[in-house]
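A.B. asks: My questions concern the predicted model and sequence given below.
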Number of protein chains: 2
Amino acid sequence: TQQQNKASKRLTFKERSALCGNAIAQKMFQIMEDKQTNLCCSADVKTCDEVLALAENVGPYICLLKTHVDIITDFSEDFIGKLQGIADKYNFLIFEDRKFADIGNTVKSQFGAGIYKIASWTHITNAHSIPGPGIIEGLRQISVESSKGKQVNHGLLLLAEMSSKGNLATNEYTKTTVQYAEENNDFVIGFICRSKLSSDPTLINMTPGVHLEVKGDGIGQQYLTPNKVINQNRSDVIIVGRGIYRSENQAEAAKKYRDAAWKAYQVSLK
Amino acid sequence: TQQQNKASKRLTFKERSALCGNAIAQKMFQIMEDKQTNLCCSADVKTCDEVLALAENVGPYICLLKTHVDIITDFSEDFIGKLQGIADKYNFLIFEDRKFADIGNTVKSQFGAGIYKIASWTHITNAHSIPGPGIIEGLRQISVESSKGKQVNHGLLLLAEMSSKGNLATNEYTKTTVQYAEENNDFVIGFICRSKLSSDPTLINMTPGVHLEVKGDGIGQQYLTPNKVINQNRSDVIIVGRGIYRSENQAEAAKKYRDAAWKAYQVSLK
């Protein structure tokens, strides 16, 4: 795969933007090109104030902010409004990392309803393919409803590979996930993966478990470097959590990861 | 597998209760024996009042009430107290069907923190094995912490098989999931599955997608009957959602499913 990846010339984010049917995928590529960043920052912090402070600090350097609303102890609708304000100010998208993993009928309620009303504010969310294509259809129905019944209003990422030890997203599982994505690329805009998986240029590859220093966390996480991910593995976006939010200077750490990932992208275009 | 299942004599729930190291598994088997029910009811309804009314209606007929707190529009801590009161009154356990599906570090926060503080009130929860054994370890750490650091305080079910069309919980995926469960049977108390999967008698098999009338829901769900699940497939507990909560008489529907599943269990003992 690595040799195949090297053999074919890599399209630029700008070129891929022009090919997208999904408006969120198109916007995502445009932001990446405009801000020269393929960095997504994970806001794995536990209060609204911490998320908002992180968003302010890293806003200039990211294309995407990844949230876990269900770990925030003081979540409120007010918080969402403030987060959207920061996203507008710095021109990044929001990605609720919900990892939907239930049957179609259940994820409809989890995406559209409940306390969080995720569909009303996130641009991107993600799902495991394990329940089969019904999960994509359930989420799509809610996405269409929330755009007043015209078309999908979100981009969905499928988890095709994971970064944790002993994970089962391998071989046939990964292949079938890629197939489900390609068959639904009006709504599915890409993957959570370790490396480029599809020849469809509209699908965005995002890779978590990235750290400038390669090590583990003691409960299964296994890290990769930005150069390995973007240049060698031909992924598009690095997702960085602890390497940024735990840094004493979050802005500086974000800039460092942004620079490393963007440089790896530029090298890979040659 | 069906022939192997038939060949070995089935242990009673009472016999299996005595073998359990996990206190929740033991309690579960005891309730099943005492109340003569192997019915779990899914409370897939969207307000606190609807969940509480359903719990009151079906309480006498169930061993377990399955919740999705994240689809409830008016969730409050007060609601949890009321639900626990009904569970005590009718002697059933609570199962938050969270389908955890993230790496160990993230599920710790999702289980222990956030608005829902799931670990503080549920007896049983479930997880996908896809991230690898780190997800079990992360959840176990929170379970131990919430019991003041002595031992696990919950039972975890792993999703080993699913009921939806095109699902990927098959073959090697299912086998490895069974292995992860057997290796962690202090904390993992069983499976969400289609049929009996392990020879470990302390592991409880629970099967969703059960309906007295076999049909689908149009977005991937495929139903099985109680007799097929409990007698032929040697599962232990049927999980029934729409067949009960959408019924005009929820108590009567629950009694009907309880009777069918308990009869199938009794037949299978002969």
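C.D. replies: Arrived safely.

A.B. asks: My guess is A:I136 contacts A:L156. True?
C.D. replies: Yes - counting by Cβ atoms under 8 Å, A:I136 does reach A:L156; the two are 6.7 Å apart. Every residue, glycine included, has its C-beta placed from N, CA and C.

A.B. asks: Give me the common contacts of the two.
C.D. replies: A:127, A:184, A:187-188 (Cβ atoms under 8 Å, 6 or more residues apart in numbering or on different chains).

A.B. asks: For A:I219, which non-adjacent residue is closest in space?
C.D. replies: Using Cβ to Cβ, 6 or more residues apart in numbering or on different chains and skipping residues adjacent in sequence, the residue nearest A:I219 is B:G104, 3.6 Å away.

A.B. asks: Let's see the pLDDT reported for that neighbour.
C.D. replies: Each residue has a pLDDT score; the one for B:G104 is 96.

A.B. asks: Hmm, A:G220 and it touching each other?
C.D. replies: Yes - if you go by Cβ under 8 Å, B:G104 and A:G220 touch, sitting 5.0 Å apart.

A.B. asks: And the contacts of the one helix or strand A:D259 maps to?
C.D. replies: Secondary structure from DSSP states H and E places A:D259 in helix A:250-269. The contact list for helix A:250-269 (Cβ under 8 Å, 6+ apart) reads A:10, A:12-13, A:36-39, A:41, A:54, A:57-58, A:60-62, A:210, A:212, A:225-227, A:229-231, A:234, A:236-238, A:240, A:243-244, A:247.

A.B. asks: Now, those residues that are in helices?
C.D. replies: Among these, the members found in helices (DSSP state H) are A:13, A:54, A:57-58, A:226-227, A:243-244.

A.B. asks: still on that earlier bit, just the buried members of the contacts of helix A:250-269?
C.D. replies: Buried by 16 or more other Cβ atoms under 10 Å in any protein chain shown: A:10, A:13, A:37-39, A:41, A:54, A:57-58, A:60-62, A:210, A:225-227, A:229-231, A:234, A:236-238, A:240, A:243-244, A:247, out of these.

A.B. asks: okay, and the common contacts of B:G104 and A:G220?
C.D. replies: Going by Cβ under 8 Å, 6+ apart, residues that sit against B:G104 and also against A:G220 are A:164, B:131, B:134-135, B:137.

A.B. asks: mind listing what's buried in stretch A:163-175?
C.D. replies: Buried-residue list, stretch A:163-175, by 16+ other Cβ under 10 Å: A:163-169, A:173-174.

A.B. asks: Likewise for stretch A:201-209?
C.D. replies: Within stretch A:201-209, the residues that count as buried by 16+ other Cβ under 10 Å are A:202-209.

A.B. asks: from the residues you listed, which two are the most distant?
C.D. replies: Greatest spatial distance among these (Cβ to Cβ): A:T202 and A:G209, at 24.3 Å.

A.B. asks: quick one: the spatially most central residue of chain A from chain B, how far?
C.D. replies: The centre of chain A sits closest to A:M206, judged by Cα atoms, centre = their mean, with a distance of 5.5 Å. Separation of A:M206 from chain B (Cβ to the nearest Cβ, to the nearest Å): 15 Å.

A.B. asks: ok, and the closest non-adjacent residue to that residue?
C.D. replies: A:V237 (4.2 Å).

A.B. asks: from what I can see the one you found touches A:S42, true?
C.D. replies: No - counting by Cβ under 8 Å, A:V237 stays clear of A:S42, with 11.8 Å between them.

A.B. asks: and for these two, which residues touch both?
C.D. replies: Counting by Cβ under 8 Å, 6+ apart, nothing touches both A:V237 and A:S42.

A.B. asks: partners of A:I239 in the sheet?
C.D. replies: For A:I239, the beta-bridge partners under DSSP bridges are A:C40.

A.B. asks: Could I get the pLDDT score of it?
C.D. replies: Note on A:I239: pLDDT of 97.

A.B. asks: so it makes contact with A:I204?
C.D. replies: No - here A:I239 does not reach A:I204: they are 11.6 Å apart, not a contact under Cβ under 8 Å.

A.B. asks: what touches both of the two?
C.D. replies: Residues touching both A:I239 and A:I204 (Cβ under 8 Å, 6+ apart): there are none.

A.B. asks: And the strands in the stretch 151-270 of chain A?
C.D. replies: Assigned by DSSP state E, counting those that start in this stretch, the strands in the stretch 151-270 of chain A fall at A:155-159, A:188-192, A:204-207, A:237-240.

A.B. asks: Let me have those in TSV, extended by distance to B:W121.
C.D. replies: Below are the strands of the stretch 151-270 of chain A laid out as TSV (distance: least, Cβ to Cβ, whole Å):
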stretch	distance to B:W121
strand A:155-159	28
strand A:188-192	31
strand A:204-207	34
strand A:237-240	32
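
A.B. asks: who wins for proximity to B:E50 among those?
C.D. replies: When the strands of the stretch 151-270 of chain A are ranked by proximity to B:E50 (Cβ to Cβ), strand A:155-159 comes first, at 29.0 Å.

A.B. asks: how much does that closest one deviate in direction from strand A:188-192?
C.D. replies: 30 degrees (axes from the mean of the first three to the mean of the last three Cα atoms, to 10 degrees).

A.B. asks: returning to what we had before: which ones among the shared contacts of A:I136 and A:L156 lie within helices?
C.D. replies: Among those, no member lies in helices (by DSSP H).

A.B. asks: Which one of those residues is nearest to B:V144?
C.D. replies: Once Cβ to Cβ is applied, the member of the shared contacts of A:I136 and A:L156 that ends up nearest B:V144 is A:A127, at 30.1 Å.

A.B. asks: tally of neighbours for A:E252?
C.D. replies: 13 (other Cβ atoms under 10 Å in any protein chain shown).

A.B. asks: What's the separation between it and A:R258?
C.D. replies: Going from A:E252 to A:R258 by Cβ to Cβ, to the nearest Å gives 11 Å.

A.B. asks: again with A:T176
C.D. replies: A:T176 is 34 Å from A:R258, by Cβ to Cβ.

A.B. asks: before we move on, what about A:V229?
C.D. replies: Using Cβ to Cβ, we find A:V229 at a distance of 14 Å from A:R258.

A.B. asks: can you check A:F13 too?
C.D. replies: 14 Å.

A.B. asks: Spell out which residues of the stretch 1-150 of chain A are next to chain B.
C.D. replies: Within reach of chain B by Cβ under 8 Å from any Cβ of the partner chain, the stretch 1-150 of chain A has these residues: A:44, A:46, A:68-73, A:75, A:97, A:99, A:101-106, A:109-110, A:113-116, A:128-135, A:137-138, A:141.

A.B. asks: Let me know the closest of the ones in helices among the contacts of helix A:250-269 to chain B.
C.D. replies: Nearest to chain B among those: A:G243, at 13.3 Å, using Cβ to the nearest Cβ.

A.B. asks: mind checking pLDDT for the nearest residue to that closest one once chain neighbours are set aside?
C.D. replies: In this structure, A:G243 finds its nearest non-sequential neighbour in A:H211, 4.8 Å apart by Cβ to Cβ, 6+ apart. According to the prediction, A:H211 has pLDDT 88.

A.B. asks: Number of residues surrounding A:H211?
C.D. replies: Residues near A:H211, counting by other Cβ under 10 Å, number 21.

A.B. asks: Enumerate every residue touching it.
C.D. replies: For A:H211, the contact set (Cβ under 8 Å, 6+ apart) comprises A:223-225, A:240, A:242-243.

A.B. asks: mind running it again at 10 Å?
C.D. replies: A:217, A:221-226, A:238, A:240-244, A:257 (Cβ atoms under 10 Å, 6 or more residues apart in numbering or on different chains).
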